[in-house]
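Trainee: From the sequence below, what's the structure:
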Amino acid sequence: MLVVELAFTPAPERLAARPAHRETLTRLHAEGHLLAAGPWSGDEGALLVFTTDRDHLEKILDTDPYYRRTPGVEVRSIRAWTPVVGGPESAAP
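Mentor: Numbering: from 1, shown residues only. Reported below is the predicted structural model:
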């Protein structure tokens, strides 16, 4: 799995782009590429947990303009993560 951490500033462009971005997140979750996503309290950034490989994640980030071209959004880090408890394999049937 890969974890993406975003940082936000209060740019109005970010808020305008957010509804379309959230629709994309909903689709990625339904397709099984995204485990969870959401903003930090205070809306200063967000955390996204992807269940895909790095090449596919880069395509996702390049396809959704929210990550690369929206003022007020910065991709702070992309890190591999191996959950010991609570990963997608442990979901109840």
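
Trainee: All the helices of this structure, residue numbers only.
Mentor: Under the criterion DSSP state H, the chain carries helices at the ranges 12-30, 54-63, 65-68.

Trainee: winner for burial among these?
Mentor: Highest mean neighbour count of the helices of the chain: helix 65-68, a mean of 16 (counted as mean count of other Cβ atoms under 10 Å). For every residue, glycine as well, the C-beta is placed using N, CA and C.

Trainee: give me the beta-bridge partners of Ala36?
Mentor: Val49 (DSSP bridges).

Trainee: Is it correct that it is in contact with Thr51?
Mentor: No - Ala36 is beyond contact range of Thr51, at 9.7 Å (criterion: Cβ atoms under 8 Å).

Trainee: Looking at those two, which has the bigger crowd around it?
Mentor: Each of Ala36 and Thr51 has its neighbours counted (other Cβ atoms under 10 Å); Thr51 has more, 19 against 14.

Trainee: residues touching the more buried one, list them.
Mentor: The contact partners of Thr51, by Cβ atoms under 8 Å, 6 or more residues apart in numbering, come to Met1, Gly32, His33, Leu34, Leu35, Pro88.

Trainee: And the pLDDT for it?
Mentor: pLDDT for Thr51: 95.

Trainee: now swap in the one 4 residues further on and tell me
Mentor: Note for Asp55: predicted pLDDT of 97.

Trainee: next one: the one 5 residues further on
Mentor: pLDDT recorded at Ile60 is 96.

Trainee: Next one: it from Ser41, what distance?
Mentor: 25 Å (Cβ to Cβ, to the nearest Å).
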